[in-house]
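# Let's see this in three dimensions:
(one chain, ligands or ions: 1)
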Amino acid sequence: MDPLQPAGPGPRGTLLLATSNEGKAREFLPLLGPILDGLGLGLATLATLGDGGRAFPVPEEDGQTFAENAAIKARHYCGLTGLPTLADDSGLCLEALGGGPGVLSARFGGPGLSDGQRAAMLLDNLEAAIVASGKPGRLGRGAFFETALVLALGGSRKTLSWTGRLHGRMASSPIGSHGFGYDPIFVPRGGRRTLAQMAPEAKNAISHRSLALRAMASDIGRIRAFLG
Ligand code: IMP
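Alright, predicted model coming up:
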């Protein structure tokens, strides 16, 4: 199954993965593919459905939590297409920043910044918060990545959801060239290297996204009943 090619429906229909981001669709596929096979569903993404997704209006992601934003997206595209729709939302939460940037992770620091500039600004904010809190060293550096997945059905009225969290701590400076976003400044719990120093397969094996997909996979009986 190639998430970038329009695929036929499975024996029980098609699931819409509500993303037009190729990289994300590819990252989802190793775990999502077997779930869909088990459910007898084919896969469509916003990029493979209709006019490259351009025909669809984009919803405002104004939720207070990752789960709320994922539900906004899943309901929106399910309502527009009538397809069972899976949407995700994710971000990075720092203890010292009261859980921030959280749902604002993609927009942290304002528009027009590169990933590197956003990460540098986040570390500056963290250092200032650590100084203000009086917790030196590693104490104030705890953080986690979270992904929420929401599956919407029935013209968007019914939803199921799952979450995955990757706990760790913030590095003192950016290191590594793999991955994206805040990978160079996040060290998973029990490790010494940042996510950006890990091979993509090694990151994918432990990531918040894969943990959420594993939770979804272990719920396949409930999903089957939900799909009817
Ligand atoms: P999204 O909801 O998956 O698009 O993620 C929102 C933002 O959170 C991204 O723009 C990144 O800044 C950050 N983010 C989410 N997942 C990751 C990750 O695995 N590594 C680094 N940054 C991430």
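# Spit out the contact partners of the residue of the chain found nearest the ligand.
With C-beta to the nearest ligand atom as the measure, Gly181 is the residue of the chain nearest to the ligand, at 2.4 Å. (Each C-beta comes from the backbone N, C-alpha and C, glycine too.) Taking C-beta atoms under 8 Å, 6 or more residues apart in numbering as the criterion, Gly181 is in contact with 92, 105-106, 115, 118-119.
# Assign it to helix, strand or coil.
coil (DSSP: H, G, I helix; E, B strand; the rest coil).
# for it, phi and psi?
Gly181 has phi and psi values of phi 60, psi -130 when expressed as degrees, to the nearest 10.
# the bottom helix or strand of this protein by mean pLDDT?
Least confident helix or strand, the chain: helix 22-39 with a mean of 88, by mean pLDDT, DSSP states H and E.
# So which other helices or strands are in contact with that helix?
strand 14-17, strand 42-45, strand 85-94, helix 208-217, helix 220-227 (3 or more C-beta pairs under 8 Å, 6 or more residues apart in numbering; DSSP states H and E).
# and these, which is most packed in?
Most buried of those by mean neighbour count (mean count of other C-beta atoms under 10 Å) is strand 85-94; its value is a mean of 25.
# That strand: how far from the chain's middle?
Distance of strand 85-94 from its chain centroid, counting by C-alpha atoms, centre = their mean, to the nearest Å, is 4 Å.
# what about it, average pLDDT?
Strand 85-94 comes out with an average pLDDT of 97.
# same check, this time on stretch 48-61
The average pLDDT for stretch 48-61 rounds to 75.
# Compute the first-to-last residue distance for it.
22 Å (C-alpha to C-alpha, to the nearest Å).
# List, one by one, the residues from the protein near the ligand.
Counting by C-beta under 6 Å from any ligand atom, the chain comes close to the ligand at 89-92, 105-106, 145, 179-183, 207.
# quick one: which of the contacts of Gly181 sit in strands?
Leu92 (DSSP state E).
# Give me the buried subset of the contacts of Gly181.
Among the contacts of Gly181, the ones that count as buried by 16 or more other C-beta atoms under 10 Å are 92, 105, 115, 118-119.
# Quick one: residues contacting the residue positioned nearest the centre of the chain.
Residue closest to the average C-alpha location in the chain (C-alpha atoms, centre = their mean): Ser90, at 3.8 Å. Neighbour list for Ser90: 66, 105, 145-148, 208-209 [criterion: C-beta under 8 Å, 6+ apart].
# any weak-confidence spans in this protein?
Low-confidence regions of the chain, defined by pLDDT under 70, span residues 1-8, 50-55, 136-139, 155-156.
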